[in-house]
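> just need the structure, nothing else, for what follows:
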Amino acid sequence: MLGRKKKRSRKTIRPWGLLSGHHRNGRNRKGLSGLLAHGKLLAVVLVLAGFLGWTAWRSDYVQMRFVYLWPYQEEIVTYSHKNNVDPFLTAAVIKNESGFKPGAVSRVGAVGLMQIMPDTGEWIAGQMGLKQYSFAALYQPETNIRMGCWYLSELHHEFKGNMVLMLIAYNAGRGNTHVWMKANGWDYHYGNVAAIPYAESREYVAKVLHDRDEYYRLYKDKIPR
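Coordinates of the predicted model:
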């Protein structure tokens, strides 16, 4: 007789890669925690790098080397002092007018480092008694600085030492400045740069005054008094 066949015990074979929910969730949580930890570390590194980069950029050395350069410093200081003009202001005016480029010419024809208009240059030369003056002289750095400093001094006197009005006049013309003073009720104590209703002059005055303060901060102990 054939004996009874024994029943095979069925074993549950779990395919590879299929884990129980408990193990699967545990691994997911570990992976997620690792990603979060790496993400936080990366964020910290990026913030630290940004802070160090900003600190380096704002250092005096970098600002003097790349932002607030001062070419023609000797001429600027010399002629500013001769005309009782703030040399830091003169440097800021040149930075904004021409970027220290002696060959600069504006779209309206202003020339040189301090962007002097040809007709203004002739008038300044006459007032200063410059002999053998020619239009080409405006391209000469020393002559342009000498004439520009004299003109800044003239504006300083005309507008009673008011730096805001003086810079408006340098940018937009002295005649326009007097018209605007009358139209807007400004007196010689006017100093609200943000309220200047003419965008180009408002931005110009704000930039020059800001740059003047930066030149003073960076160079006050580095130039002759």
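> measure stretch 94-113 end to end?
End-to-end distance for stretch 94-113, by Cα to Cα, to the nearest Å: 6 Å.
> begin at 654 from now on, thanks
That works, and once the first residue is 654, the last one we named lands at stretch 747-766.
> tell me which residues in that stretch are buried?
Buried residues in stretch 747-766, counted by 16 or more other Cβ atoms under 10 Å: 747, 748, 749, 750, 751, 753, 755, 757, 763, 764, 765, 766. In short, each C-beta sits where N, CA and C put it, glycine included.
> ditto for stretch 832-849
Here stretch 832-849 shows 833, 834, 839, 843, 846, 849 as buried, counting by 16+ other Cβ under 10 Å.
> for those residues, which one is nearest residue 732?
residue 846 (26.3 Å; Cβ to Cβ).
> do you know the pLDDT at the most centrally placed residue in the chain?
Geometric centre of the chain, nearest residue: residue 720, 7.2 Å, by Cα atoms, centre = their mean. If you check residue 720, the pLDDT there is 96.
> swap in the one 4 residues further on?
On the pLDDT scale, residue 724 is placed at 98.
> just to revisit the earlier point, show me which pair in the buried residues of stretch 747-766 is furthest apart.
Longest span within the buried residues of stretch 747-766, Cβ to Cβ: 748 and 764, 16.7 Å.
> buried set for whichever strand or helix holds residue 818?
Under the criterion of DSSP states H and E, residue 818 resides in helix 816-825. Residues of helix 816-825 classed as buried by neighbour count (16+ other Cβ under 10 Å): 816, 817, 818, 819, 820, 821, 822, 823, 824, 825.
> now these as a markdown table including pLDDT and distance to residue 740?
Converted to a markdown table, those look like this (pLDDT from 0 to 100; distance: Cβ to Cβ, whole Å):
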| residue | pLDDT | distance to residue 740 |
| --- | --- | --- |
| 816 | 98 | 14 |
| 817 | 98 | 19 |
| 818 | 98 | 20 |
| 819 | 98 | 15 |
| 820 | 98 | 15 |
| 821 | 98 | 21 |
| 822 | 98 | 19 |
| 823 | 98 | 16 |
| 824 | 97 | 19 |
| 825 | 96 | 23 |
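> quick check, nearest of these to residue 803?
The closest of the buried residues of helix 816-825 to residue 803 turns out to be residue 823 (Cβ to Cβ; 12.5 Å).
> before we move on, the earlier item: now the buried residues of stretch 747-766 as a markdown table including secondary structure?
Shown next, in a markdown table, are the buried residues of stretch 747-766 (DSSP: H, G, I helix; E, B strand; the rest coil):
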| residue | secondary structure |
| --- | --- |
| 747 | helix |
| 748 | helix |
| 749 | helix |
| 750 | helix |
| 751 | coil |
| 753 | coil |
| 755 | coil |
| 757 | coil |
| 763 | coil |
| 764 | strand |
| 765 | coil |
| 766 | coil |
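> in CSV, list the buried residues of helix 816-825 along with distance to residue 866.
Output for those, formatted as CSV (distance: Cβ to Cβ, whole Å):
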residue, distance to residue 866
816, 11
817, 14
818, 18
819, 16
820, 13
821, 18
822, 20
823, 17
824, 18
825, 22
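> any idea which of these is closest to residue 806?
residue 819 (9.8 Å).
> my read: the closest one touches residue 813, true?
No - the pair residue 819 / residue 813 is not scored as a contact, 9.2 Å apart, by Cβ atoms under 8 Å.
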